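Peer 1: Give the three-dimensional model of this entry:
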Amino acid sequence: MAWNPGQELFGSRYIIERKLGEGGVGITYLAKNRRGELRVIKTLREQILNHPDWIPHQDKLRHDFRDEALRLALCRHPHIVQVENVFDEENLPCMAMEYIEGEDLGKLITEKGALPEAEALLYIRQIGEALILVHEKGLLHRDLKPSNIMMRAGTPEAVLIDFGLARQFISGGVLKHTQNHTPGYAPPEQYAPIEQRGEYIDVYAFAATLYSLVTGQLPMPAPARLQNFTLQAPKELNGSVSDRVNEAIMKGMALNYKFRPQSVEEWLDLLGASPIPPTQPVISRPNTRPSWKCVHIIPGISRKIALSPKGDILASAAGQVIHLFSSTTGQLLRTLSGHDSWVSSAISRDGQILASGSEDGTIKLWSVTTGNEIRTLSGHDSWVSSVAISRDGQILASGSWDDTIKLWSVTTGNEIRTLSGHDNSVISVAISSDGKILASGSGDKTIKLWNLQTGNEIRTLSGHDNSVISVAISSDGQILASGSGDKTIKLWNLQTGREIRTLSGHDSWVNSVAISSDAQILASGSRDNTIKLWNLQTGREIRTLTGHSGSVGSVAISSDGQMLASGGSGSGDKTIKLWEISTGKEIHSLTHFNSVFSVAFSPDGNWLAAGDGGGNIKIWRSQLVVQ
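Peer 2: Predicted coordinates for the structure are as follows:
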């Protein structure tokens, strides 16, 4: 019987999210534990247990599964999937394991072809060290292959997964083999029903895995080789493979196990795969700049994120709730609930108050420190799509699809006034750093400037031919930038309302604009897959940054003005790209799970957070930061 979403397991310690897949004897599910962390639950397939051939062996099958799960749980290593729990559910043995976000090496080489030798050796060394520990615990993996090696998303860290065929062994002992194997990676002895077991079984598969990584091709299956078909050497398929690596692979794949290295450690020595620090990035071009590593993955939350001014608290809208996380540890600090629909959020400059605007038409104020709801602000008739808090933390502005902006006292929660005048949804709001002017961008193609203290409309800025999607005000309060669906950015004198100039060059909507803290550089991200950098004072285009394969949904500039982050949000682009603003060079490309809709730098510029359309946040940290 398959488990359905919402099913509770192990005394409600785990709740099923969905089925992930099934293999020969096992089935896996995605679940959440009590802390809201994603886990993989693996158990036996009932079809196997109830198969006539297996019914006499049901008890042994359950016992072996449980025994191997417990033994795997003892294999604590950064490059081995971690077992969190072993338990029984409905007479089925289960193990709960960490959920690894990322891509397996099998998929990677299928899509991109052979890996550079240095990169392949990095992964092999990591998995080799893990295998040495597995063997020390008396286990054989017996199913080594690229698809059973996962890359932690955004990092060069490989993790060994799927121990479904793992078996206990005593070196030299003759035991019966389960008739499961992967052609191309399984050695000849794994095809025999009764054969000796030793580390050399995994050595063959490990060497065959490296064969695939450096050639991009599946090795010839052992039965074909036994019929005198010749296995092509890796160097014949890829001339860049070194002689040493070529020889090590061929020795590791010797048909007679007696001619192979007898341990993984011996094969690694033969290979010459020298250790490489696991945090060193794998890059395809010379790069001496600081590397970036994903240090936290926060699943199950939405694309809307906000950072406290100190950068220590990260807030994220999550459907009807808001989660607060420690930006330092990535741990969930508290969950704020009370809205009846989707929310967006903003944090006051002192980091004490969080404001959340919701599709239910309300705004809630929360204490960041305690997580307590301070009050609910009601009055909008439709979705509150954007919120902003003044620099002094006294006034909250909320823009809504009811075509209005409301101003609220953060201290008392009282509505100060309603600003009417737009003829369509208010999509974005921004408050000047001196707290005097509010700018609102609307679907009616205009920007309105308001006196924040009196609520009076100062002026309407007209000129765009489509919705105003994003607005940004320079730190000196002199310039307003507006990005529109008409493919342009307009620069306005915030004091006079005069249009300074129109910046043209994008071929599609401008989704996001950002201004550097020194008010010298403007960055614009567009649906045309590009970012453009502009001189804010002259309006001259400095350069166009290309590399995204889809729409650029968000841009952010570090506080020192040296680095730009951009999020890909269309056509399968799931990357955050980091650019050097002075040269326009792409520094790094960081892989996310889904389309990226929000990026934000920490105040010191040493880490950034990104939220995607699949409900995940990643926090990336510069590797030159002393932890």
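
Peer 1: where exactly do the helices run in the stretch 151-300 of the chain?
Peer 2: Taking DSSP state H, counting those that start in this stretch as the test, the helices found in the stretch 151-300 of the chain are 200-215, 222-226, 234-237, 243-252, 264-271.

Peer 1: Count the residues that sit near residue 582.
Peer 2: The tally of other residues near residue 582 (other CB atoms under 10 Å) stands at 12. The way it works is simple: take the backbone N, C-alpha and C, and place the C-beta from them, glycine included.

Peer 1: Just checking: what are the partner strands of the helix or strand harbouring residue 27?
Peer 2: Here residue 27 is covered by strand 26-33, with elements defined by DSSP states H and E. Strand 26-33 has the following strand partners under DSSP bridges: strand 14-22 (antiparallel), strand 38-44 (antiparallel).

Peer 1: do you know which of the ones you listed lies nearest residue 540?
Peer 2: strand 38-44 (47.2 Å; CB to CB).

Peer 1: Name the next helix or strand downstream of that closest one, please.
Peer 2: Using DSSP H and E, the first helix or strand after strand 38-44 is helix 46-49.

Peer 1: Give the rounded mean pLDDT of that following helix.
Peer 2: For helix 46-49, the mean pLDDT works out to 74.

Peer 1: Output the contacting helices and strands for it.
Peer 2: With contacts taken as 3 or more CB pairs under 8 Å, 6 or more residues apart in numbering; DSSP states H and E, helix 46-49 sits against helix 58-73.

Peer 1: mean confidence for the helix or strand that the helix it packs on is followed by?
Peer 2: Downstream of helix 58-73, the first helix or strand assigned by DSSP H and E is strand 83-89. Strand 83-89 shows a mean pLDDT of 88.

Peer 1: starting at the chain centroid, how far to the helix or strand just after strand 83-89?
Peer 2: Later in the chain than strand 83-89, the nearest helix or strand by DSSP H and E is strand 92-98. Taking CA atoms, centre = their mean, to the nearest Å, the mean C-alpha location of strand 92-98 is offset from the chain mean by 24 Å.

Peer 1: Can you give the strand pairings for strand 92-98, parallel or anti for each?
Peer 2: strand 38-44 (antiparallel), strand 83-89 (antiparallel).

Peer 1: Tell me which of these lies nearest to residue 362.
Peer 2: Closest to residue 362 of the strands paired with strand 92-98 is strand 38-44 (CB to CB; 30.2 Å).

Peer 1: Of all the residues in stretch 102-120, which ones are buried?
Peer 2: 102, 104-106, 108-109, 114-115, 117, 119-120 (16 or more other CB atoms under 10 Å).

Peer 1: still on that earlier bit, would you format the strands paired with strand 26-33 as TSV with distance to residue 133 and mean neighbour count included?
Peer 2: Shown next, in TSV, are the strands paired with strand 26-33 (distance: least, CB to CB, whole Å; neighbours: other CB atoms under 10 Å):
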stretch	distance to residue 133	mean neighbour count
strand 14-22	25	16
strand 38-44	20	22
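
Peer 1: Take these and write them to a markdown table, including distance to residue 558.
Peer 2: Converted to a markdown table, the strands paired with strand 26-33 look like this (distance: least, CB to CB, whole Å):
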| stretch | distance to residue 558 |
| --- | --- |
| strand 14-22 | 36 |
| strand 38-44 | 30 |
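
Peer 1: May I ask which helix or strand of this protein has the lowest mean pLDDT?
Peer 2: In the chain, no helix or strand scores lower on mean pLDDT, DSSP states H and E than strand 174-176, which sits at a mean of 38.

Peer 1: For the helix ranked longest in the chain, enumerate the helices and strands it packs against.
Peer 2: Identified as the longest helix of the chain according to DSSP state H is helix 117-136. Judged by 3+ CB pairs under 8 Å, 6+ apart, the packing partners of helix 117-136 are strand 149-152, strand 158-160, helix 200-215, helix 264-271.

Peer 1: for the stretch 501-627 of the chain, which spans come out with low pLDDT?
Peer 2: Applying pLDDT under 70 to the stretch 501-627 of the chain picks out residues 570-572, 592-627.

Peer 1: how much space between the residue lying closest to residue 438 once chain neighbours are set aside and residue 263?
Peer 2: With sequence-adjacent residues excluded and distances taken as CB to CB, 6 or more residues apart in numbering, residue 438 is closest to residue 450, at 4.4 Å. Residue 450 is 73 Å from residue 263, where distance means CB to CB, to the nearest Å.

Peer 1: which one of the two has more residues nearby?
Peer 2: Set residue 450 next to residue 263 and count neighbours by other CB under 10 Å: residue 450 wins out with 24 against 18.

Peer 1: helix or strand for that one, which one?
Peer 2: Going by DSSP H and E, residue 450 is in strand 447-451.

Peer 1: Next, the buried residues of that strand.
Peer 2: 447-450.

Peer 1: how about a markdown table for the residues you listed, with distance to residue 495 and pLDDT added?
Peer 2: Converted to a markdown table, the buried residues of strand 447-451 look like this (distance: CB to CB, whole Å; pLDDT from 0 to 100):
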| residue | distance to residue 495 | pLDDT |
| --- | --- | --- |
| 447 | 14 | 97 |
| 448 | 15 | 96 |
| 449 | 10 | 96 |
| 450 | 14 | 95 |
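
Peer 1: Relative to residue 562, which of the residues you listed is nearest.
Peer 2: When those are compared against residue 562 (criterion: CB to CB), the nearest one is residue 447, at 29.4 Å.

Peer 1: State the distance from residue 495 to residue 537.
Peer 2: 16 Å.

Peer 1: my bad, should have said residue 414
Peer 2: In terms of CB to CB, residue 414 sits 41 Å off from residue 537.

Peer 1: Who has more neighbours out of the two?
Peer 2: residue 537 (14 against 11).

Peer 1: Quick check: that one touching residue 522?
Peer 2: No: applying CB atoms under 8 Å as the test, residue 537 and residue 522 come out as separate, 9.8 Å apart.

Peer 1: Now that residue 380 has come up, it's in contact with residue 361, right?
Peer 2: Yes: counting by CB under 8 Å, residue 380 touches residue 361, with 4.5 Å between them.

Peer 1: For these two, indicate the residue with more neighbours.
Peer 2: Taking neighbours as other CB under 10 Å, residue 380 and residue 361 compare with residue 380 leading, 24 against 21.

Peer 1: Where does that one sit: helix, strand or coil?
Peer 2: coil (DSSP: H, G, I helix; E, B strand; the rest coil).

Peer 1: tell me the contacts of it?
Peer 2: Counting by CB atoms under 8 Å, 6 or more residues apart in numbering, residue 380 makes contact with 361-363, 398, 400, 402, 404, 406.

Peer 1: run the last query once more with 6 Å
Peer 2: 361, 400, 402 (CB atoms under 6 Å, 6 or more residues apart in numbering).

Peer 1: so which of the residues you listed comes closest to residue 475?
Peer 2: residue 400 (27.0 Å).

Peer 1: Residue 261 and residue 75: what is the separation?
Peer 2: 21 Å.

Peer 1: ditto for residue 399
Peer 2: 53 Å.

Peer 1: hmm, back to that, between the longest helix of the chain and helix 264-271, how big is the angle?
Peer 2: Between the axes of helix 117-136 and helix 264-271, defined by axes from the mean of the first three to the mean of the last three CA atoms, to 10 degrees, the angle is 160 degrees.

Peer 1: please renumber so the chain begins at 42
Peer 2: Happy to do that; since the first residue is 42 now, the last one works out to helix 158-177.

Peer 1: now the angle from helix 158-177 to helix 284-293?
Peer 2: Using the same axes, to 10 degrees, helix 158-177 lies at 40 degrees relative to helix 284-293.
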